[in-house]
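Let me see the structure of the following:
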Amino acid sequence: MAGQMKLIYFDAKGRAEVTRLLFKLAGRDFIDCRLTKEEWAVFKPSTPKGQLPVLEVDGKMICESYAIARYVARELNLYGSSNWEAAVVDMIVDSCSGIFGQAVHVYHSKTEEEKAEAAKKTAEVLQSTEKLAVQLKKGKFILGDEASLADSALYSVIEIL
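Numbers count the residues shown, from 1 in each chain. Here you go, the predicted model:
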């Protein structure tokens, strides 16, 4: 298992919240580093892609929010117990990524027409994700009796909406 993990993001839920939820689910300590705009300006050049979140593990940086979440889920045994269960988790996580992406379009829309169209697309992606989750769900949680990355991703995106 990896050493101490440090999740670096802004003081907001956003793209780091799924990973924070995973740490909480597993009862695993981590460093939750929340940068100010001033701190970000100094730190930005040292990141792999000039964006957040990043996860520091054993002197290495992982970027991309869902790559980080998947890494942490595997480390904390929250990714399922078989290749099929991992695929189920991936289907839900990728669907949540689509919802989050569409929701960002609503937020950044410049006109009411753009906002209405983006909201319509967000609702469509949300509906298809709900249909998928119902088909795949095996119990109290997506994979059965224990929460996984899939449940964290669903919770996070619904809370953001």
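
Tell me where the model's unsure across this protein.
Low-confidence segments of the chain (pLDDT under 70): 1.

same thing but at 90, please
1-3, 100-108, 160-161 (pLDDT under 90).

Quickly note the distance from the residue positioned nearest the centre of the chain to residue 110.
The residue at the geometric middle of the chain, judged as the C-alpha nearest the mean C-alpha position with CA atoms, centre = their mean, is residue 18 (3.8 Å). Per CB to CB, to the nearest Å, residue 18 is found 28 Å from residue 110. C-beta: built from backbone N, CA, C; applies to glycine.

Can you give me the domain boundaries for the chain?
Using automatic domain parsing, the domain parsing of the chain gives 5-75, 83-160.

Which parts of this structure are strands?
For the chain, the strands defined by DSSP state E cover 5-10, 31-35, 54-57, 60-63.

Just the residues contacting the third one, thanks.
Applying CB atoms under 8 Å, 6 or more residues apart in numbering, the contact partners of strand 54-57 are 2-3, 5-8, 19, 47-48, 61-63, 68, 71-72.

rerun that using 10 Å as the cut-off
2-9, 16, 19, 30-31, 33, 43, 46-48, 61-65, 67-69, 71-72, 75 (CB atoms under 10 Å, 6 or more residues apart in numbering).

Buried among these? Need that as a selection in ChimeraX.
Buried residues among the contacts of strand 54-57 (16 or more other CB atoms under 10 Å), as a ChimeraX selection:
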select :5,7,8,9,16,19,30,33,62,64,65,68,69,71,72,75
